[in-house]
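Student: Here is my input; please provide its structure:
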Amino acid sequence: MSLHKKKLTLFAFFILTVLTVTLKTYFSYYVDFSLGVKGLVQNLILLMNPYSLIALILSVFLFFKGKKAFWFIFIGGFVLSFLLYANVVYFRFFSDFLTFSTLNQVGNVDSMGGAVTASFKWYDFVYFIDTIIYLFVLIFRQKWLDKRVFSKKFVPVVMAASVALFFLNLAFAESDRPQLLSRTFDHKYLVKYLGPYNFTVYDGVKTIQNSQQKALANEDDLTKVLNYTKQRRTTPNKEYYGVAKKKNIIKIHLESFQTFLINKKVNGQEVTPFLNKLSSGKQDFRYYPNFFHQTGQGKTSDSEFMMDNSLYGLPQGSAYSLKGNNTFQSLPAILDQQQGYTSSVMHGDYKTFWNRDQIYRHFGIDKFYDATYYDMSQKNIQNLGLKDKEFFKESADYLAKEKQPFYNHLITLTNHYPFTLSPQDASIEKPHTGDSTVDGYIQTANYLDRSLEEFIGELKKKGLYKDSVIMIYGDHYGISENHNKAMEKLLGENIDAAKFTDLNRTGFWLKIPGKKGTIDKTYAGQQDVMPTVLHLLGIDSKNYLMMGTDLLSKDHNDTVPFRNGDFVTKDYKYVNGRIYSNKDNKPMTTKPKDFEKRKQQTDKDLEMSDDVLNGDLFRFYKNPDFKKVNPAKYEYKSGPKGQEKK
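Tutor: Purely as a prediction, here's the structure:
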């Protein structure tokens, strides 16, 4: 037997690398990613989809000779493994996949170090064990390698087989999910049907297309969107129109809050006793239990963006990644121009996070009280930034000095993944689900509730409560579907795709001066807040481009679209390609009569909103009721208590 036959050939090393990277991908599918795989066809697609691009990329290195060829295949396999693992860690945190747009927000990682670290798992060595073995062989056991050149005439055959496999994969995917690449907004669909590597290529193509869209956009594109949104405009409710004219507006952002917490008891204790009172309909607040977050990858920044612009976040990344490059017609600027409002944002983190110091200038926000305005000593910090109690206490003092009427936005932090809280700040015992994320969430949500109660008390003491419009809302879910097993223990019920959609309720509490509280079961989302506020202040909204409709209008559109193309109505929900009844969350055997209309509206809403942002269409809009914001007028200097974090 020839000595060469006992050694590892280049082609064998290629096959081994393809197989090990593929096996790791399968491992991620079933252990880390929640892709909602059902049926024989989808499982076959899952088995098929990693191979094509892995093999195609690595086959290029078969053209090289000797030791160099082995090293190139090794490096290629490592890069693919690293991409896979980066997606795994990102998915654990965001329940989504990395895109080129999210890489624009890489600066956020420094501020979120603890949250990212909490996403690591003990078994993560699986993703790199083959890399370690191959590296050992390449460095210390080169004698095991057969460095003869692989016949180049067979390389095109390998490439052709890889391409053929991709198209076979795509054919199966299209048969199970028609118009997959042209209609879907859901990254999980794309990864399920194409695999994480092909998804990255797809995202790269989409990113290039979107960047070109701005250069090619024109006034005709704007006209299409304006015609669409004008058809959806609703008549204001006469009882509420103008009742809050020139009243202060205080908007309180509850980080990661979900309404399953309302009236929930753990170990005999109410988790959110104060919010329970506000949700009773007997206080001053109008409570919307069927209010959903509609965020995408931008999470917190998406919720801010929708509340102040009545547009959706982007399908990839955050709208805030646009930084200072787009024109907007945001609520703070409208209130300033129409009724002389000043505006401010208060947040116990640093101003560069999510590019807020850039994007706020284009929204026309006058002041930004970031971390440098607060006492950021170690005793006051928890997790990502300033503790909520300290934040609210100092913010109340700043708020009392604001020029009135003002529009103020307060962003809390403590109830943020990974939901850590010091023992001295905890006032409720953790549940025992065996999941530190879910158990910690109960304690931090309770702390948030107590902090909010103290802040409302401060507003009353400072004379700001009675005549202010106060809005309270959860920005996005806190517990992702990666923690469904622990949530089932906590809630005592099974959590499937339909139930998880129900858990995307984040709540909206609205205090209108002179109006009694109530429970309003209207179905709505974050895009609906801006038109509601405009009408409460008596501002005619007919010339403003908005995707949402007034919550108080009798004509309010109660279809709540989600960023991935799913939607919910008062009677049913559309999730992962299936329709479920809201009565029992069971799949419906027949389509509701209005289903196609609502599905088309959802797709059109997302498409039109994306066109506005990607094409920067507001730059063409000569709105008679709005003067374009000059961002150069706004500058956010560091506060007196500290310097910008380096």
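
Student: Please make it C-alpha for all contacts and neighbour counts, starting now.
Tutor: Noted.

Student: for stretch 208-221, the distance to its chain's centre please.
Tutor: Stretch 208-221 sits 24 Å away from the centroid of its parent chain (Cα atoms, centre = their mean, to the nearest Å).

Student: same deal with stretch 549-562?
Tutor: 22 Å.

Student: what is the mean pLDDT for that stretch?
Tutor: Stretch 549-562 comes out with an average pLDDT of 97.

Student: any idea what sits nearest Tyr447, other than its immediate chain neighbours?
Tutor: Nearest residue to Tyr447, sequence neighbours excluded (Cα to Cα, 6 or more residues apart in numbering): Ala426, at 6.8 Å.

Student: what sits against that neighbour?
Tutor: Residues near Ala426 by Cα atoms under 8 Å, 6 or more residues apart in numbering: Gln443, Thr444, Tyr447.

Student: Give the PyMOL command for selecting the buried subset of those residues.
Tutor: A single PyMOL command selects the buried members of the contacts of Ala426 (16 or more other Cα atoms under 10 Å):
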select buried, resi 443+444+447
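
Student: Reformat the contacts of Ala426 as TSV; add distance to Lys367, secondary structure and pLDDT.
Tutor: Shown next, in TSV, are the contacts of Ala426 (distance: Cα to Cα, whole Å; DSSP: H, G, I helix; E, B strand; the rest coil; pLDDT from 0 to 100):
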residue	distance to Lys367	secondary structure	pLDDT
Gln443	32	helix	97
Thr444	28	helix	97
Tyr447	27	helix	97
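
Student: Show me this structure divided up by domain.
Tutor: The chain is divided into the following domains under automatic domain parsing: 3-213, 220-633.

Student: Nearest approach to Lys641 belongs to which of those?
Tutor: Lys641 lies closest to domain 220-633 among the domains of the chain, at 5.3 Å (Cα to Cα).

Student: Okay, now the closest one: how far is its last residue from its first?
Tutor: 30 Å (Cα to Cα, to the nearest Å).

Student: quick one, what contacts Phe391?
Tutor: Contacts of Phe391 by Cα under 8 Å, 6+ apart are His347, Gly348, Tyr374, Thr412.

Student: Mind jotting down where the strands sit in the stretch 151-300 of the chain?
Tutor: 248-254, 265-266, 269-270, 285-288, 291-292 (DSSP state E, counting those that start in this stretch).

Student: The third one pairs with which strands, and in what direction?
Tutor: This points to strand 269-270. strand 265-266 (antiparallel) (DSSP bridges).

Student: Ok, the longest one next?
Tutor: Using DSSP bridges, the strands paired with strand 248-254 are strand 406-411 (parallel), strand 468-474 (parallel).

Student: Kindly report the same for the fourth one.
Tutor: Sheet neighbours of strand 285-288, with direction, are listed as strand 508-511 (antiparallel), strand 518-519 (parallel) (DSSP bridges).

Student: which of those strands is buried the deepest?
Tutor: strand 508-511 (a mean of 24; mean count of other Cα atoms under 10 Å).

Student: how close does the closest residue to Asn494 other than its chain neighbours get to Leu254?
Tutor: Leaving aside its chain neighbours, Asn494 sits nearest to Glu488 (5.6 Å; criterion: Cα to Cα, 6+ apart). Separation of Glu488 from Leu254 (Cα to Cα): 23 Å.

Student: out of the two, which sits in the busier spot?
Tutor: A direct count of neighbours by other Cα atoms under 10 Å for Glu488 and Leu254 places Leu254 higher, at 27 against 14.

Student: rewinding a little: any chance of the strands of the stretch 151-300 of the chain in JSON lines with distance to Thr433 and mean pLDDT as columns?
Tutor: Output for these, formatted as JSON lines (distance: least, Cα to Cα, whole Å; pLDDT from 0 to 100):
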{"stretch": "strand 248-254", "distance to Thr433": "24", "mean pLDDT": "98"}
{"stretch": "strand 265-266", "distance to Thr433": "11", "mean pLDDT": "96"}
{"stretch": "strand 269-270", "distance to Thr433": "16", "mean pLDDT": "97"}
{"stretch": "strand 285-288", "distance to Thr433": "29", "mean pLDDT": "98"}
{"stretch": "strand 291-292", "distance to Thr433": "26", "mean pLDDT": "98"}
